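A.B. asks: The sequence isn't on hand, but the structure is:
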């Protein structure tokens, strides 16, 4: 990937946060700034074609009620506890 130089104006408080994060992570400040630019660019990307056309739908298995959610959460928690040797975290 070829990099191009550009100038950006930023608030002192934001630059301080970037400097602190870079020091904590052990990476250059420029790397965090490039990552931020990349994330913003991707979040505002416009696709040439829609992900789903008006004719397409997703079948999510019908309506989900309160008990379905409760059951899924309990089962997920129990599975995580088993994976972690009895610890939930």
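C.D. replies: Nice, thanks for sending it over. Worth saying up front: this structure is predicted, and the values here are computed from it rather than measured.

A.B. asks: For the longest helix along the chain, name the packing helices and strands.
C.D. replies: In the chain, assigned by DSSP state H, the helix with the most residues is helix 66-83. In terms of contacts (3 or more Cβ pairs under 8 Å, 6 or more residues apart in numbering; DSSP states H and E), helix 66-83 is not packed against any helix or strand. For glycine as for every other residue, the C-beta is placed from the backbone atoms N, C-alpha and C.

A.B. asks: and residue 22, helix, strand or coil?
C.D. replies: Residue 22 falls in the helix class when you classify it by DSSP: H, G, I helix; E, B strand; the rest coil.

A.B. asks: Can you tell me the closest non-neighbouring residue to it?
C.D. replies: residue 29 (4.4 Å; Cβ to Cβ, 6 or more residues apart in numbering).

A.B. asks: Count the neighbours of the one you found for me.
C.D. replies: By the criterion of other Cβ atoms under 10 Å, residue 29 has 14 neighbours.

A.B. asks: got the contact list for it?
C.D. replies: Contact analysis of residue 29 by Cβ atoms under 8 Å, 6 or more residues apart in numbering lists 18-19, 22.

A.B. asks: let's see 10 Å
C.D. replies: Neighbouring residues of residue 29 by Cβ atoms under 10 Å, 6 or more residues apart in numbering: 15, 18-23.

A.B. asks: Against residue 39, how distant is it?
C.D. replies: In this view, residue 29 and residue 39 are 16 Å apart by Cβ to Cβ, to the nearest Å.

A.B. asks: Which pLDDT does the model give the residue lying farthest from the centre of the chain?
C.D. replies: Taking Cα atoms, centre = their mean as the measure, the residue most remote from the mean C-alpha position of the chain is residue 55, 29.0 Å away. Residue 55 carries a pLDDT score of 74 in this model.

A.B. asks: tell me the centre residue of this structure?
C.D. replies: Centroid-nearest residue in the chain, with Cα atoms, centre = their mean: residue 39, separated by 9.3 Å.
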